[in-house]
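Peer 1: Kindly generate the corresponding structure for this input.
(2 chains)
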2 protein chains.
Amino acid sequence: MAQQEEDEKYMSLALIEAEAAAEAGEIPVGCVIVCDRRVIGRGHNLTETLSDVTAHAEMQAITAAAQTMGGKYLTECTLYVTLEPCAMCAGAIGWAQVSRLVFGAPDPKRGFGRLAPQALHPKCKVSSDILADECIEKIQQFFQQKRL
Amino acid sequence: MAQQEEDEKYMSLALIEAEAAAEAGEIPVGCVIVCDRRVIGRGHNLTETLSDVTAHAEMQAITAAAQTMGGKYLTECTLYVTLEPCAMCAGAIGWAQVSRLVFGAPDPKRGFGRLAPQALHPKCKVSSDILADECIEKIQQFFQQKRL
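Peer 2: A predicted model of the protein is given here:
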C-alpha cells in the first residue's frame, strides 16, 4: 500500500476515535499508534470527562501502546492524531521516542510547532495535512453544535 | 511566613516525594501542588514502574490536584517540583493554568526553558533555585548508587 493511502487509512481510525470524543461531549481529537501495521494504542480526548488536562488523545494512546508493547519506548511506531499535538503531547511523543508523527489539521495557536518546536525526538519524522479537511471539520462541527 | 521560607517548606515536601521515587528505583523527582496553604496533590516519577513516559511527578500531581479540586483548572495554585519541568510537564502546567511554578534545580538539557519556553500560561509566575542543591544532590546520589 502506498504511504499516502496507508496514512489515510490510519488517520480514518483516528477520526473514529475523534468521533467517540465528540459523542462524549469532548473536543473531538483522536489518536492511534501503529507498529508493523498493527494498531497498538488508541485514545481520544477525555479532559472534560476525567476533569484532567492531561487526558489528551495522544497521552491516552501512548499509555495504551506502552502497555501493549510491555515497554515505554515506541521507537518503531507511527502516531496518527487528527490535530497537531500541543507542547505537552509533543513532549510525551518525544519521551516515548516515537519514530514518526502524522497529524491531520494544523493547530497554529496551541500546536507544538509554535510552542515547543524542539520537544520531539530529533529523529522523529513528521507528516501533516493527512485528511486535514475532515479533521478540522469535525472540530468545527462540534463547536457549531455547542452554539445551537 | 515569608515567601522564601514557605517555598522551602513546600519544596521539602516535594523532596520527600522525590525520595519515594528513589526508593522505587525511579529517577528522584517529586512534586506537590498547594492551594491556600493546603497540599492538594502530590506525585513522584513513576515512569519505570508504570512503563509509561507520561508518568512524571508533575503529571501525577496535576491529576491528583484536579481530583481534589473537582475541576481541571488550578488557577490559584502553586506547583513545587524538585527539577525544572520538561516540555510535556510545562504543557500540562500551562493547560491547568497553574498560577505559580516553583522549581528546585534547573535542567539545562531537557527543561522547558530550552525546549518549550512558551508552554506555560502567560500569567504563570516562575521561581527557581529553591533548595536547588538538595534537589540536584538527590538525583546525583541516585545515579552514583546505580553505578555501584
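
Peer 1: per-residue pLDDT, residue A:22?
Peer 2: Confidence at residue A:22, expressed as pLDDT, is 96.

Peer 1: Give me the spatial nearest neighbour of it, chain neighbours excluded.
Peer 2: Distance criterion Cβ to Cβ, 6 or more residues apart in numbering or on different chains; nearest residue to residue A:22, sequence neighbours excluded, is residue A:28 at 3.9 Å. Where C-beta positions appear, they are placed from N, C-alpha and C, glycine not excepted.

Peer 1: Neighbours of that neighbour, how many?
Peer 2: Other residues near residue A:28 number 27, with proximity taken as other Cβ atoms under 10 Å in any protein chain shown.

Peer 1: From residue A:143, how far off is it?
Peer 2: 10 Å (Cβ to Cβ, to the nearest Å).

Peer 1: Then residue A:77?
Peer 2: In this structure, residue A:77 and residue A:143 are separated by 31 Å, where distance is defined by Cβ to Cβ.

Peer 1: and if you look at residue A:68?
Peer 2: 33 Å.

Peer 1: Neighbour count for those two, which is higher?
Peer 2: The residue with more neighbours, out of residue A:68 and residue A:143 and counting by other Cβ under 10 Å, is residue A:68; that gives 14 against 10.

Peer 1: and the longest helix belonging to chain A, C-alpha only, in CSV?
Peer 2: In chain A, with assignment by DSSP state H, the single longest helix is helix A:3-23. Below are the C-alpha coordinates for helix A:3-23, written out as CSV (Å, rounded to 0.1, in the frame of the first residue of the first chain):
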residue,chain,number,x,y,z
GLN,A,3,2.4,5.6,2.1
GLN,A,4,-0.3,8.2,1.4
GLU,A,5,-3.0,5.5,1.2
GLU,A,6,-1.7,3.9,4.4
ASP,A,7,-1.6,7.2,6.2
GLU,A,8,-5.2,8.0,5.2
LYS,A,9,-6.3,4.5,6.4
TYR,A,10,-4.9,5.0,9.9
MET,A,11,-6.0,8.7,10.1
SER,A,12,-9.5,7.4,9.4
LEU,A,13,-9.2,5.3,12.5
ALA,A,14,-8.0,8.3,14.4
LEU,A,15,-11.1,10.1,13.1
ILE,A,16,-13.3,7.3,14.5
GLU,A,17,-11.6,8.0,17.9
ALA,A,18,-12.3,11.7,17.5
GLU,A,19,-16.0,10.9,16.9
ALA,A,20,-16.1,9.0,20.1
ALA,A,21,-14.7,12.1,21.9
ALA,A,22,-17.5,14.2,20.3
GLU,A,23,-20.1,11.8,21.4
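
Peer 1: Run the chain-centre distance for it.
Peer 2: In terms of Cα atoms, centre = their mean, to the nearest Å, the centre of helix A:3-23 is found 9 Å from the chain centre.

Peer 1: and what of stretch A:61-68?
Peer 2: 13 Å.

Peer 1: now stretch A:13-27
Peer 2: Here stretch A:13-27 is found 11 Å from its chain centre; the criterion is Cα atoms, centre = their mean.
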